[in-house]
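>>> give me a model of this one.
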Amino acid sequence: MNQYKVLKEIFGYASFREGQEALVESTLQGRDVLGIMPTGAGKSLCYQIPALLFEGISIIISPLISLMKDQVTALNQLGVHAAYINSSLTEVQYRKAMENARKGQYKIIYVAPERLMTESFLSLVSSVDISMVAVDEAHCISQWGQDFRPSYLKIVDFINMLPKRPVIAAYTATATKVVKEDIVCILGLEDPLAAVTGYDRKNLYFSVKKPKNKMAELLSYLIKNDDKSGVIYCNTRKNVEEVYETLIKEGYPAAKYHAGLSDTARKQNQDDFIYDIKPIMVATNAFGMGIDKSNVRFVIHFNMPKDIESYYQEAGRAGRDGEPGECILLYSGQDVKINEFLVSQQTGNAELDYEERELVRERDNERLRKMTFYCFTNECLRDYILRYFGEYGGNYCGNCENCLTEFEDIDVTDEAIHIINLVRTSGERYGINAIIDAAHGSENAKVRQFRLNENPFYGTLKKVTLVRIRQIMNDLLVKGYLFLTTNEYPVLKMTDQGRNIIREENQEAVILKLPKEIERTPAKQKGEKKQKIADARYPQLFERLRVRRYEMAQQTHVPPYIIFSDKTLKEMSTYLPSTKTDMLKINGVGNNKYEKYGEEFMKLIREYTEENGIKTALE
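Numbering: from 1, shown residues only. Here you go, the predicted model:
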């Protein structure tokens, strides 16, 4: 059997997605690989397929207990023997898994990095043939990444202790240039094939809102989308509890997840979400990494995350099945203050010296600044994210709030010159609020204390509203005319761009894009519910198949998406397969799933076609 047969007969897919084929081929040839692929692009297949074709056992290292459980459950459903070893196992379960591994019952073993150097696990790997070590969430090995985990540094020691060096495969969804270099260097990848398939998730719609009342905005959204599954992220436990209590009071089937809950409660709540018993999850960022739930239709950030990496990873949990998903961020100024506090409290790597820790802190603050700018840009939101990761394309995606909003251009060159001159003449020593207040002519205590009321540019924008001055200030920061330092007390500084603005000979116009009074809401967002079901040729059949899938999931104690994804059911509801050959042509239907579920779903399809007088291909 080769990789193409495994792809079709076991996993049920007719062809590889972008980047998968080259990574699988290189791994099978014994070459190290580094795959950087966005959430939902199929990273797991890139190491699972070689694992099934290699002679020996493959070790998959992951920090995510939920991912291990989901992927092992999915593999077992496909008839593949796999196991996981982590802290969720009892002593009896752990011993049984190790015993079965020694007997060669598993081709794939998932393991947490903390377990690698234990005496029992080292004893196991010394007595069996290890063909491949795959490192998932590989960005965790870099201290410059947004999610550095010291336990990942043990991976290198573990590989060095193996009787022979296996193929090493590293995968992550988000990595800047520095993090990529760290992964290759620290893991010791030898001449790796590095495949970056692109960060773009075209099926995701991005939006930033600045509501006066976040809760009201959230409830307004849920009223229109009450049939969908989604995640609502909050940055503190307190916010999780408040949002959760409000949703329960309003009658929404919600669960909650944060570090303050017991292990039992977190596990139960996570299962309720995955099994669609409670399709809305309110959580801190402790939740979600590795969750394979494919039918998450929206991810709402009730608070702004601390960096673009975290935001894109969390937002990317929407639409993993390739179907449309919405990623909405609800911003307020308080979010920045909370994140500044959280960044200041991070301990980081204890092995770093003072200067290195300061450098890490500075980079964390820079990431927070870029995240804040995302919330204020009036350019394409998707393009902003892609440029952050080093990808450059068009500045119009057609599937984000900014691209679908009608803007008007306002020349604010004069106002910008006054603001930048105020920063210059005050010695570049003051923060955003002090400069805004001084420009507007405020007589508050801070302005008097700093003697900004004596500055020649004090009050020069007295006739401009505070809201407009703040919009201009944000625009100057986003476009690089000014920048904010990362000191304990951040202050505004001019850039070369800013200096050019105040020199008449090099002056360029500063154009502020602002939404017109009436924004255009894209029709597909308003009517998404109807459109989504209409994607299937026979939407009523799709609903029947979905109901039956849920019933079978309850009976077999697996998440509904493990049986078949929404995308697979939509293909069935369009092409109406009535034979085994036809059913196996449907994406997501392999031999094992056909044997388990094929006849049951074809029976429903036959019943529907007979009731409605629809002729199938055989008639």
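
>>> what sits against the nearest residue to Gln540 once chain neighbours are set aside?
In this structure, Gln540 finds its nearest non-sequential neighbour in Tyr608, 7.4 Å apart by C-beta to C-beta, 6 or more residues apart in numbering. C-beta here means a position set from N, CA and C on the backbone, and glycine is covered the same way. Each residue near Tyr608 by C-beta atoms under 8 Å, 6 or more residues apart in numbering is listed here: 538, 540-541, 544, 614.

>>> try Asn235
For Asn235, the residues meeting the contact criterion (C-beta under 8 Å, 6+ apart) are 284-285, 302-305, 335, 338-339, 342.

>>> for Leu45, same thing?
Going by C-beta under 8 Å, 6+ apart, the list of residues near Leu45 reads 7, 11, 13, 16, 20, 24.

>>> can you give me the strands for the stretch 451-600 of the chain?
Listed from the start of the chain, the stretch 451-600 of the chain has strands (DSSP state E, counting those that start in this stretch) covering 482-484, 492-494, 511-515.

>>> show me what the second one is packed against.
Same thing as strand 492-494. Identification of packing neighbours for strand 492-494 by 3 or more C-beta pairs under 8 Å, 6 or more residues apart in numbering; DSSP states H and E yields helix 413-425, strand 482-484.

>>> which one of the contacts of Leu45 has the most neighbours?
Val24 (25 neighbours; other C-beta atoms under 10 Å).

>>> what strand or helix carries that one?
If you go by DSSP states H and E, Val24 is part of helix 20-28.

>>> mean confidence for the helix or strand following that helix?
Proceeding N to C from helix 20-28, the next assigned helix or strand is strand 33-36, under DSSP H and E. For strand 33-36, mean pLDDT is 94.

>>> now the next helix-or-strand element following strand 33-36: how far from the chain's centre is it?
Note on strand 33-36: by DSSP H and E, the next helix or strand toward the C-terminus is helix 43-53. Computed by C-alpha atoms, centre = their mean, to the nearest Å, the separation of helix 43-53 from the middle of its chain amounts to 22 Å.

>>> ditto for stretch 225-242
The gap between where stretch 225-242 is centred and where its chain is centred comes out at 15 Å by C-alpha atoms, centre = their mean.

>>> averaged pLDDT, that stretch. What do you get?
Mean pLDDT, stretch 225-242: 93.

>>> how long is it end to end?
Across stretch 225-242, the terminal residues are separated by 20 Å (C-alpha to C-alpha, to the nearest Å).

>>> same check, this time on stretch 196-213
Between the opening and closing residues of stretch 196-213 we find a distance of 40 Å, counting by C-alpha to C-alpha.

>>> distance check, Thr609 against Arg266.
When C-beta to C-beta, to the nearest Å is applied, the distance between Thr609 and Arg266 equals 44 Å.

>>> those two: who's more crowded?
A direct count of neighbours by other C-beta under 10 Å for Thr609 and Arg266 places Arg266 higher, at 20 against 17.

>>> contacting residues around that one?
Tyr257.

>>> go on, Leu604?
If you count contacts by C-beta under 8 Å, 6+ apart, Leu604 has them with 541, 544-545, 548.

>>> could you list the buried residues of the helix holding Val24?
When burial is assessed from 16 or more other C-beta atoms under 10 Å, helix 20-28 yields the following buried residues: 20-24, 26-28.

>>> quick one, it and helix 43-53 angle?
On the basis of axes from the mean of the first three to the mean of the last three C-alpha atoms, to 10 degrees, helix 20-28 is oriented at 40 degrees to helix 43-53.

>>> now do helix 20-28: which elements does it pack against?
Using 3+ C-beta pairs under 8 Å, 6+ apart as the contact criterion, the neighbours of helix 20-28 among helices and strands are helix 3-5, strand 33-36, helix 43-53, strand 167-172, strand 193-196.

>>> with just CA atoms, put it into CSV.
In CSV, the C-alpha atoms belonging to helix 20-28 read as follows (Å, rounded to 0.1, in the frame of the first residue of the first chain):
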residue,chain,number,x,y,z
GLN,A,20,0.5,17.7,2.0
GLU,A,21,1.9,15.5,-0.8
ALA,A,22,5.4,16.9,-0.7
LEU,A,23,5.6,16.7,3.1
VAL,A,24,4.4,13.0,3.1
GLU,A,25,6.7,12.1,0.2
SER,A,26,9.7,13.6,1.8
THR,A,27,9.0,12.0,5.2
LEU,A,28,8.6,8.6,3.5
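
>>> tell me the angle it makes with strand 167-172.
Helix 20-28 and strand 167-172 meet at an angle of 150 degrees, taking the same axes, to 10 degrees as the criterion.

>>> which residues touch helix 20-28?
Around helix 20-28, the neighbours that count as contacts under C-beta under 8 Å, 6+ apart are 3, 16, 33, 35, 42, 45-47, 49-50, 53-54, 132, 167, 169, 193, 195.

>>> can you pull out the low-pLDDT segments for the stretch 301-450 of the chain?
By pLDDT under 70, the low-scoring segments of the stretch 301-450 of the chain are 346-353, 356, 393.

>>> phi first, then psi, for Ile109.
Dihedral angles of Ile109 (phi, psi; degrees, to the nearest 10) stand at phi -130, psi 120.

>>> would you confirm that it contacts Leu75?
No - counting by C-beta atoms under 8 Å, Ile109 does not reach Leu75; the two are 11.1 Å apart.

>>> what about Ser62, neighbour count?
Quick note: Ser62 (other C-beta under 10 Å) scores 24 neighbours.

>>> what does Arg548 give?
Residue neighbour count, defined by other C-beta under 10 Å, stands at 17 for Arg548.

>>> what of the one 3 residues further on?
If you count neighbours by other C-beta under 10 Å, Glu551 ends up with 11.

>>> that older thread, need the overlap of contacts for Ile109 and Leu75.
With C-beta under 8 Å, 6+ apart as the test, Ile109 and Leu75 both reach Ala82.
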